[in-house]
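**Student:** here is a sequence with its predicted model. Questions after.
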Amino acid sequence: MFYQSSWNRCVIIVVVLTITCAYLTTEMDDLLLSKYVPFSKQSTEQVGASPFSAEKLKEYHTTIEDDNGDDDIDDDIVESESGSGNSDSGDDDGETAKATGTFPILEKTDMIYEIGRWGNPIIVPEYKLVFFTLPKVACTEWKLLFRRMYGLPEWPEDVKLIELHDPAKNDLMYISNYTMQEAQEMLTGEGWTRAVFVREPKERVLSAFLNKFVEEPTFYVQKCCQEKFFHLDAEREQCKSKKQEGDFVYFLNRTLDCSNPHWTPQVDAIDNKWWKQISFVGYMDHVADDAEKLLKQIRSSKGTSAWDDYGKSGWGSSGTNAFMVRDTAHHATNAHDKLRKYYTPCTERFVERNWETEWEQHMYSFTPFRLFNESEYPGDEDCEI
């Protein structure tokens, strides 16, 4: 009788343990699914949960300096009649991502989060702005504005502007100064505005040539006249002499083997998956209008717009201009004339061919134009430069 009673108790214990284990297994599976299933497959209560493991999101700071700054005010060729598209707010892929809740995941290997890279997005937390600066697209002015928005003093006149682009010296916060979890929210959260300004490629390439090849005494020599590019000393010396001569054809040919953020295609400056998360695209050829639109769109925690706070006045030599306002009428009238001064039909075709990805983007668009009459363009076989 005693043994039978003990046996019955053992059976009951085993049954209870089996049921408990099954329940706990089910609960654990649900918990794991809630972490890794995309938002669209979770319940309403789970929509706000993170779709990635917290263990993967470690703090990843960077303040290491780089040498890819852009130290000019970039007003040499702007306001062209090329007719760039209007400021955009994303594409179909971006809208689909928002609808389904499937967003790209930030990784340490992403370009925009790379250690020591000057081109990483700048963060303005008070206005929840993520701004992707591109060289030769007025990034100097934008950084001066962001310093004001940070409450920092004006940039000292006796300090070179190149240092304004150095993350270790400009006192601005970059996406890579934040943890990966914080950066992920900035790059995908609905409360954040992600903006970029782009420039018509023919203008931008010429601007890079005039500033980095012609005007600056050492930049191009240090970047592209190094021994690693040449087999012979004579070729290296030719590089230096071509720089002194201001040879546009030589510069264009060398862009094929000496890349630099100032002249490589703008689309290459941002990982493809993050282009789809950008919510505002402005254009250099109507930069004042688009800057005003962006600054009116972003608002502080107090509810005031960045335009009212920092944009509508306080700029220019008199301190009474609005942000980015300049002699735009003069530039609009003469931009194509300036392009024709340096371009030929063949060099124009060279840029169209080697920067063709710039005209193929869905996130931004440029209205194609030609600088010369069609009869002036020779055949491809006669257009080697």
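**Tutor:** Nice, thanks for sending it over.

**Student:** so residue 130: helix, strand or coil?
**Tutor:** Following DSSP: H, G, I helix; E, B strand; the rest coil, we place residue 130 in the strand state.

**Student:** who's in contact with it?
**Tutor:** When contacts are counted by Cβ atoms under 8 Å, 6 or more residues apart in numbering, residue 130 is found next to 121-123, 175, 186-187, 192-195. For every residue, glycine as well, the C-beta is placed using N, CA and C.

**Student:** at 7 Å instead, please
**Tutor:** Counting by Cβ atoms under 7 Å, 6 or more residues apart in numbering, residue 130 touches 121, 123, 175, 186-187, 192, 194.

**Student:** of these, which is the nearest to residue 134?
**Tutor:** residue 121 (10.7 Å; Cβ to Cβ).

**Student:** go through the contacts of residue 130 and name the one nearest residue 151.
**Tutor:** Nearest to residue 151, judged by Cβ to Cβ, of the contacts of residue 130 is residue 123 at 14.7 Å.

**Student:** number of residues surrounding the nearest residue to that closest one once chain neighbours are set aside?
**Tutor:** Among residues not flanking residue 123 along the chain, residue 173 sits closest, at 4.8 Å (Cβ to Cβ, 6 or more residues apart in numbering). By the criterion of other Cβ atoms under 10 Å, residue 173 has 16 neighbours.

**Student:** so can I have CSV of the contacts of residue 130 showing pLDDT and neighbour count?
**Tutor:** Formatted as CSV, the contacts of residue 130 follow (pLDDT from 0 to 100; neighbours: other Cβ atoms under 10 Å):
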residue, pLDDT, neighbour count
121, 98, 24
123, 98, 23
175, 97, 25
186, 98, 20
187, 98, 23
192, 98, 19
194, 98, 23
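
**Student:** please flag which of those sit within strands.
**Tutor:** Among the contacts of residue 130, the ones falling in strands (DSSP state E) are 123, 194.

**Student:** return the member of the contacts of residue 130 nearest to residue 273.
**Tutor:** residue 187 (9.5 Å).

**Student:** what pLDDT is listed against the spatially most central residue of the chain?
**Tutor:** Closest residue to the average C-alpha location of the chain: residue 132 at 3.3 Å, with Cα atoms, centre = their mean. Model confidence at residue 132, given as pLDDT, is 98.

**Student:** ditto for residue 381
**Tutor:** Reported pLDDT for residue 381: 82.

**Student:** doesn't residue 120 make contact with the residue nearest to residue 123?
**Tutor:** No: Residue 173 is beyond contact range of residue 120, at 10.1 Å (criterion: Cβ atoms under 7 Å).

**Student:** count the residues that sit near residue 203.
**Tutor:** Residue 203: 25 neighbours (other Cβ under 10 Å).

**Student:** so which helix or strand takes in residue 251?
**Tutor:** Per DSSP states H and E: residue 251 is located in helix 248-254.

**Student:** give the buried residues for that helix.
**Tutor:** Across helix 248-254, burial judged by 16 or more other Cβ atoms under 10 Å covers 248, 250-254.

**Student:** as a whole number, average confidence for it?
**Tutor:** Mean predicted lDDT for helix 248-254 stands at 98.

**Student:** which residues sit against that helix?
**Tutor:** Under Cβ under 7 Å, 6+ apart, the answer for helix 248-254 is 209, 213, 224, 242, 342, 347, 350, 385.

**Student:** just checking, residue 221 is part of a helix?
**Tutor:** Yes: looking at residue 221 with three-state DSSP, it is inside a helix.

**Student:** now do the same end-to-end measure for stretch 362-372.
**Tutor:** One end of stretch 362-372 to the other measures 27 Å (Cα to Cα, to the nearest Å).

**Student:** how far is it from where the chain is centred?
**Tutor:** 20 Å (Cα atoms, centre = their mean, to the nearest Å).

**Student:** residue 272: neighbouring residues, count only.
**Tutor:** Residue 272 - counted by other Cβ under 10 Å - has 11 other residues nearby.

**Student:** would you mind measuring from it to residue 266?
**Tutor:** 13 Å (Cβ to Cβ, to the nearest Å).
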